[in-house]
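Peer 1: Return a 3D structure for these sequence lines:
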Amino acid sequence: MIEKIEKIKNGFFNDEQRLFKKVTELIEKTNQIIDLVNELQSEAGEEKFDNPVPFAHSPAPSQDPGPVSFEAKVRVMDLSKELGISNNATVETAKALGIEVKSHLSMISLADSEKIKAKTKEVKVNA
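Peer 2: Numbers count the residues shown, from 1 in each chain. Reported below is the predicted structural model:
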């Protein structure tokens, strides 16, 4: 059984290495083509093509990801524990304030959590 597992594991590593080698070869060939295009364009007096080969993880220029936000967030259930109220009460309070929440597992911004805290304190004071 162990030999079988080792054989399968080695097969996966070999496939992975072959794939990596093929991708590397394709990138090298693409760079050669870019060099050729640049050479032809410079002979024709045109602007050079200086874009590197785009990788799968980089967005196309037309797909602007927009501003990236690293705003801290908190789960609704954690806020419920902090406030000492039920998850349902916290979800309903959030919805009443116009905060988009689906369940107690939803994540909300710290600013939204402060709004919920203020509303909960207001309700407790008025009760």
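
Peer 1: just checking, what packs against the longest helix seen in the chain?
Peer 2: Using DSSP state H, we find that the single longest helix of the chain is helix 2-43. Contact partners of helix 2-43 among helices and strands, from 3 or more CB pairs under 8 Å, 6 or more residues apart in numbering; DSSP states H and E: none. Where C-beta positions appear, they are placed from N, C-alpha and C, glycine not excepted.

Peer 1: What average pLDDT does it get?
Peer 2: Mean pLDDT, computed over helix 2-43, is 76.

Peer 1: after that helix, next one along is what?
Peer 2: Sequence-wise, the next helix or strand downstream of helix 2-43 (DSSP states H and E) is strand 73-75.

Peer 1: pLDDT averaged over the very next helix or strand once past that following strand, what's the number?
Peer 2: Per DSSP H and E, the first helix or strand lying C-terminal to strand 73-75 is helix 76-83. What helix 76-83 shows for mean pLDDT is 93.

Peer 1: what does helix 76-83 rub up against?
Peer 2: Applying CB atoms under 8 Å, 6 or more residues apart in numbering, the contact partners of helix 76-83 are 86-87, 89-91, 94, 101, 103-108, 113, 116-117, 120.
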